[in-house]
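# 3D model of this:
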Amino acid sequence: MPANEGERPEARPSELRVDARRNQQRILLAAARLLADDPAASIQRIADEARVARPTVYRRYPTREALVEAIRSEAVAEFGRSMEQATLRLGNAAEAIGLLVHSLAEIGAKYPILFQDADTAHRAAGHPGAQASDGSAAGAGPGRPDTTAIVEQFNALILRGRREGTVRADLAPEILRHSLLGALAAGLKLTRTSPPGTRLTAAQVGAQVAAMLVEGLRPRGR
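The predicted structure is shown next:
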């Protein structure tokens, strides 16, 4: 039955889902920025920054811990997509790792609360042995994304590089993960804390870390 003149048609379920997803992304991005600068930022501030009502935030994330875990899950999902793209790349493994670094820099810039230092970066990426804020292992658990596949794909990329001769055989994947995430965390922090006019962009950080890492991966004499 057509809507009466002057009445607004009811939104379709698909439109509601798109709108809900848009609100979710705004909330998570706003929270990631504000909580990185002020861990005590109120839910009202986050709601104002995301341009949603405070009850909308509480309805989705009843606690601050739930909100931070949702940010982590969103970032890990993006990590996973970037890793898949890197592993499917037809070029050599070292070049694929360089592209991966660029992608991780952009993701880290979107979710700065997860890249405030090397430890939080390792937890965000689910590094084996890293400790979550509650002291438990940072891997999969209730409400936590399983990052095992991402770590395995990274290891496989390193092994592929060894086989093709583009990655040094004496470098352990664990050391490379620590170096990558630590360098990105330090570089991305400078994008927020350096004096205006001297700050690097996330793209510049990604390019510099990628150049440093890829050069270090190259076998001696090549």
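# mind checking which helix or strand the residue nearest the centre of the chain is in?
Centrality entry for the chain: nearest residue to the mean C-alpha point is Ala75, 3.5 Å, by CA atoms, centre = their mean. Assigned by DSSP states H and E, Ala75 falls within helix 64-88.
# and that helix, how far from the chain's centre?
Centroid separation between helix 64-88 and its chain, computed with CA atoms, centre = their mean, to the nearest Å, is 5 Å.
# other SSEs contacting the helix or strand following it?
Downstream of helix 64-88, the first helix or strand assigned by DSSP H and E is helix 93-110. On a contact count with 3 or more CB pairs under 8 Å, 6 or more residues apart in numbering; DSSP states H and E, helix 93-110 meets helix 64-88, helix 148-164, helix 173-193, helix 202-217. In this view, the C-beta of every residue, glycine as well, is placed from N, C-alpha and C.
# at 10 Å instead, please
helix 13-37, helix 64-88, helix 118-124, helix 148-164, helix 173-193, helix 202-217 (3 or more CB pairs under 10 Å, 6 or more residues apart in numbering; DSSP states H and E).
# could the ones you listed go into a markdown table alongside distance to Thr56?
As requested, the helices and strands packed on helix 93-110 are arranged in a markdown table below (distance: least, CB to CB, whole Å):
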| stretch | distance to Thr56 |
| --- | --- |
| helix 13-37 | 6 |
| helix 64-88 | 12 |
| helix 118-124 | 25 |
| helix 148-164 | 30 |
| helix 173-193 | 27 |
| helix 202-217 | 28 |
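# Hmm, Ala94 and Glu215 touching each other?
Yes: under the criterion of CB atoms under 10 Å, Glu215 makes contact with Ala94 at 9.2 Å.
# of these two, who's got more company?
Between Glu215 and Ala94, Ala94 has the larger neighbour count (other CB atoms under 10 Å), namely 24 against 10.
# mind listing what the more buried one touches?
157-158, 160-161, 164-168, 210, 213-219 (CB atoms under 10 Å, 6 or more residues apart in numbering).
# and if you look at Met83?
So Met83 contacts 96, 100, 103-104, 125, 147, 149-154, 156-157 (CB under 10 Å, 6+ apart).
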